[in-house]
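Enquirer: Turn this into a model:
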Amino acid sequence: MADENSPEAASIDYGAVIYALRAELATRGHHLASDTTGMHRALYVMGANDVARALFEFKPSADDAVYELMYQGAWIASMPPRFAVIPGEHAQNPSLDTLEQMKAIPLLYDTNGEEFHFRDLDRLLAMYVGTL
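Expert: Here you go, the predicted model:
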């Protein structure tokens, strides 16, 4: 498992990943918010009355996502869906199944260093966030 100071985590340009996903969601018409303190890597799709409709958290690996989400407490059905945004190289990691059991939706992405592709983004949005 990588920690915040590991080479794996350090090699990820979270700002670029967040910016890319923000652009993808905005082009689909979603109203977005993020942590203004910069202490937490998260992006929110906002709904009526500024209530979050979805939460996207950016993690270096599926293992890290499981470990960190485990300590955030229970996620109940009435809460908005939470997505663990993870590099696509972790697509075969068994921890992805654990994430789903924890009610977290893995959103894998691929990059060539300049462009980002979020796997199954439209399908996942339709399933968990709905249309505008």
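Enquirer: residue ranges with poor pLDDT in this structure?
Expert: The model of the chain has pLDDT under 70 over residues 1-10, 36-39, 71-74, 131-132.
Enquirer: Moving C-terminal from the helix ranked longest in the chain, which element do we reach first?
Expert: The longest helix of the chain (DSSP state H) is helix 14-27. Next helix or strand after helix 14-27 toward the C-terminus (DSSP states H and E): strand 31-34.
Enquirer: And that next one, what does it pack against?
Expert: Packing partners of strand 31-34 (3 or more C-beta pairs under 8 Å, 6 or more residues apart in numbering; DSSP states H and E): helix 14-27, strand 42-46. From N, CA and C alone the C-beta is placed, and that goes for glycine too.
Enquirer: re the thing from before, what's next to the longest helix of the chain, contact-wise?
Expert: If you take C-beta atoms under 8 Å, 6 or more residues apart in numbering as the criterion, helix 14-27 is touched by 32, 34, 41, 43, 45, 56, 58, 85, 109, 111, 115-116, 118, 121.
Enquirer: related to what we said a few turns ago, of the helices and strands packed on strand 31-34, which stretch is the most buried?
Expert: Of all the helices and strands packed on strand 31-34, strand 42-46 carries the top mean neighbour count, a mean of 19, counting by mean count of other C-beta atoms under 10 Å.
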